[in-house]
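> quick one: sequence and predicted model below, then my questions.
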Amino acid sequence: MIKSVFIGCGAYLPERSVSNDELAAKVDTSDDWIVARTGISNRHIAADGEMTSDLAFAAAVEALASAGMAAGELDLIVLATATPDETFPATATQVQARLGVAGIPAFDVQAVCSGFVYALAVADNFIKAGQARNVLVIGAETFSRILDWEDRTTCVLFGDGAGAVVLRAETSPSGTSPASDQRGIMSTHLHADGRHHDMLYVDGGPSSTGTAGFLRMRGREVFRHAVSNLTSVVAEALAANDLSPDAIDWLVPHQANKRIIDHTARKLKLPSEKVILTVAEHGNTSAASVPLALNEAVTDGRIKQGDVILMEAMGGGFTWGAVLARW
Ligand code: UT7
């Protein structure tokens with residue numbers, strides 16, 4: 001029995017942090033509205049010329065250092081993004097080239113805000129199938145490039161950033177199943193429902209308009225679906241492992257809106273001290289939000305080896321999913 005164990009993490013945020021007041025000087029909004037409706041106060045925005053692969057590379061270097069692993073030991077890179085540097089090649093291949101590890105497979109996963117959860121599931125399955133031992137999983141986005149900066153209903157919500165983890169295969173002695181306190185990914189749960197395209201999408205792309213396009217969202221409806229989908233996928237993850245909510249040490253949710261996160265935590269009866277929140281300073285960084293939150297809580301010592309963490313996310317598609325793991 002092979003398990004995927006987290007052995008390191010890292011993150012990168014662009015230097016420039018933009019406050020709600022700075023946005024209120026450009027569009028008809030206010031700090032009060034944004035904080036009350038979303039919990040967001042600031043977001044980081046990539047510099048001119050700074051690309052998703054730059055953010056991803058910086059997060060990857062930090063994750064490898066924290067894992068004590070040389071890039072040369074990797075045998076797979078999976079990068080989650082909806083904002084690749086270019087339509088092709090995959091941004092993962094640019095990170096691979098900069099890490100100097102030509103030859104190993106590297107590809108992108110596109111599930112928008114659920115991207116990191118999807119990428120973890122892909123990596124976990126490669127490991128469990130015996131096709132990879134050391135995997136770099138990255139979530140990286142430059143959503144600032146696909147925002148309509150005149151649309152106050154979306155431009156205040158998102159930010160740029162990247163987070164990464166390193167997974168390593170660990171095999172139980174033959175004939176034994178892993179002990180319940182063994183570290184690693186316990187289960188992954190993925191879902192999608194393409195009927196909801198029009199609620200959250202980008203109005204451009206190589207085979208439609210030939211332009212990159214801008215993000216469009218019917219926020220109130222997305223909110224409603226997020227609450228219901230996240231509640232059900234979290235219940236599914238717990239049931240699959242025969243765990244009750246009080247077994248969770250940390251909820252590491254996608255950081256779209258503090259009200260959605262509060263709702264999920266309330267459903268689980270989790271006290272707010274067990275919820276990792278970064279939305280106030282990062283905004284919604286899409287596929288980067290879960291690994292950014294994870295890295296913050298590991299780095300500041302809240303998440304410790306052996307803790308049970310529940311990661312969940314929901315995004316355009318719709319896509320949604322959860323990963324239950326022992327750090
Ligand atoms: O990560 C992918 C998943 N995405 C999400 O999970 C996002 C889910 N949706 C949300 O987080 C929330 O729906 C929003 C934060 C986007 C909006 O909050 P809301 O409480 O659902 O507000 P609303 O869309 O119902 O809008 C309420 C009012 C409207 O005005 P009227 O029609 O009541 O006069 C909006 O025009 O707020 C207005 N409004 C704003 N006012 C000031 C919308 N955006 C702004 C703004 N500043 N930035």
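Alright, I've got the coordinates. On a predicted model such as this, the values are computed, not experimentally measured, just so you know. Residues are numbered from 1 along each chain as shown.
> residues contacting His189?
Neighbour list for His189: 233, 236-237, 240, 321-323 [criterion: CB atoms under 8 Å, 6 or more residues apart in numbering]. Where you see a C-beta, it was placed from the backbone N, CA and C, and this is true even at glycine.
> hmm, 7 Å instead?
Listed by CB atoms under 7 Å, 6 or more residues apart in numbering, the contact set of His189 reads 233, 236-237, 321-322.
> any of those buried? List them.
233, 237, 321-322 (16 or more other CB atoms under 10 Å).
> show the average pLDDT along the helix or strand hosting Ala121.
For Ala121, the host element (DSSP states H and E) is helix 115-128. Averaged across helix 115-128, pLDDT comes to 98.
> okay, it in CSV with CA atoms only?
Extracted in CSV, the C-alpha atoms of helix 115-128 (Å, rounded to 0.1, in the frame of the first residue of the first chain):
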residue,chain,number,x,y,z
GLY,A,115,-7.3,23.4,-9.4
PHE,A,116,-5.0,22.6,-6.5
VAL,A,117,-7.4,20.0,-5.1
TYR,A,118,-7.6,18.5,-8.6
ALA,A,119,-3.8,18.6,-9.0
LEU,A,120,-3.3,16.9,-5.6
ALA,A,121,-5.7,14.1,-6.6
VAL,A,122,-3.8,13.6,-9.9
ALA,A,123,-0.5,13.5,-8.1
ASP,A,124,-1.8,11.1,-5.4
ASN,A,125,-3.1,8.8,-8.1
PHE,A,126,0.3,8.8,-10.0
ILE,A,127,1.9,7.9,-6.7
LYS,A,128,-0.6,5.2,-5.7
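> how about that helix, does it reach the ligand?
No. Against the ligand, helix 115-128 shows no contacts by CB under 6 Å from any ligand atom, the least distance being 10.5 Å.
> contacts for that helix?
Here helix 115-128 makes contact (CB under 7 Å, 6+ apart) with 2, 4, 76, 78, 80-82, 109, 111, 132, 135, 137, 139, 167, 169, 185, 188, 190, 286-287, 290-291, 311-313, 319, 321-323.
> thinking again about what came up before, closest one of the buried ones among the contacts of His189 to the ligand?
Checking the buried ones among the contacts of His189 against the ligand with CB to the nearest ligand atom, the nearest one is Gly321 at 12.8 Å.
> surely that closest one forms part of a strand?
Yes. Secondary structure of Gly321 (DSSP: H, G, I helix; E, B strand; the rest coil): part of a strand.
> touching, it and Val233? I think so.
Yes. If you go by CB atoms under 7 Å, Gly321 and Val233 touch, sitting 6.1 Å apart.
> now for these two: what residues contact both?
With CB under 7 Å, 6+ apart, Gly321 and Val233 have common neighbours 189, 191.
> hmm, who's touching stretch 206-222?
Against stretch 206-222 from outside (CB under 7 Å, 6+ apart): 87, 145-148, 153-154, 199-205.
> now, those that are in helices?
Using DSSP state H, the members of these that fall in helices are 153-154.
> list only buried entries from the contacts of stretch 206-222.
Members of the contacts of stretch 206-222 classed as buried by 16+ other CB under 10 Å are 146-147, 154, 199-202.
> closest to the ligand among those residues?
Proximity of the buried ones among the contacts of stretch 206-222 to the ligand (CB to the nearest ligand atom) peaks at Leu200, which lies at 6.2 Å.
> next, the residue lying closest to that closest one once chain neighbours are set aside: phi, psi?
Closest residue in space to Leu200, ignoring its immediate chain neighbours: Gly316 at 4.1 Å, by CB to CB, 6 or more residues apart in numbering. Backbone geometry at Gly316, expressed as degrees, to the nearest 10, gives phi -50, psi 150.
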